[in-house]
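**Q** after the sequence you'll find the predicted model.
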Amino acid sequence: MLITLVRHGQTEENFSGIVQGSTNTLLNDSGRRECERLKNKIRDIEFDYCYMSPMIRTVETAMIIVGDRVELIPDDRLVERDMGDFEGGDYEAYKSLKYWDYDFNDNSHGVEPIKDVFKRCESFLEYIKKKHPNKKILVVTHGSPYRAMRHILLKHELKGDLWDSAIKNCQIETFEV
């Protein structure tokens, strides 16, 4: 089985350094161009299914990159992490290292606990492994679920600081499972 992860294209909030989390936002023009470039890059890759977060920016990304050639399936487990009080604020105020410490599992300011993000991502991955063995699955999601699934698929030990790097808009990686 092959699982390909894609983060959505750029939004105005991404460009401006604003935390969007569970805020439903559209791609900006730059994000749409990123998606078009990704569409061209993966045009010869066949996917059996495309799962996506039901949030507008991921649906728009999926529709641009593969919407005319594979079934698009929304899944709530792929939504972005709820950023609580940080929603709509400056990204610099959100201390990602603090909120990505698996052992600390901080949920202050209403931020969704990191263990909850991993739990829903593990549930999703187990579901598609059972439902679609030996298939090629595209998953269009957000930075936090992408990072969590990446850790799971690479079989990293889930403890301590799991912030490994920023996941760029329209980043793509494929994992053999």
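**A** Received, thanks.

**Q** burial measure for the closest residue to Tyr94 other than its chain neighbours, as a count.
**A** Excluding the flanking residues, the one nearest Tyr94 by Cβ to Cβ, 6 or more residues apart in numbering is Phe86, at 4.5 Å. From N, CA and C alone the C-beta is placed, and that goes for glycine too. Phe86: 20 surrounding residues under other Cβ atoms under 10 Å.

**Q** could you point out the longest helix in the protein?
**A** When every helix of the chain is counted residue by residue (DSSP state H), the longest turns out to be helix 114-131.

**Q** and that one, what does it pack onto?
**A** Under the contact criterion of 3 or more Cβ pairs under 8 Å, 6 or more residues apart in numbering; DSSP states H and E, helix 114-131 touches strand 49-52, helix 143-153.

**Q** ok, the residue nearest to Tyr94 touching Gln20?
**A** No - look at Phe86 against Gln20 with Cβ atoms under 8 Å: they stay out of range, at 9.7 Å.

**Q** partners of the host helix or strand of Ile137 in the sheet?
**A** Remark: Ile137 resides in strand 136-141, with elements defined by DSSP states H and E. Strand pairing for strand 136-141, using DSSP bridges, gives strand 2-7 (parallel), strand 49-52 (parallel).

**Q** who's in contact with that strand?
**A** Outside strand 136-141, the residues that touch it by Cβ atoms under 8 Å, 6 or more residues apart in numbering are 1-8, 45-53, 58, 61-62, 65-66, 70, 78, 80, 128, 149.

**Q** re earlier: distance check, the residue nearest to Tyr94 against Lys155.
**A** Distance of Phe86 to Lys155, given as Cβ to Cβ, to the nearest Å: 30 Å.

**Q** next, the angle helix 143-153 makes with the strand holding Ile137.
**A** Going by axes from the mean of the first three to the mean of the last three Cα atoms, to 10 degrees, strand 136-141 is angled at 140 degrees with respect to helix 143-153.

**Q** tell me how far strand 136-141 is from the chain's mean position?
**A** 10 Å (Cα atoms, centre = their mean, to the nearest Å).

**Q** for Thr61, give me its contacts.
**A** Contacts of Thr61 (Cβ under 8 Å, 6+ apart): 6, 8-9, 27, 31, 35, 52, 140, 170.
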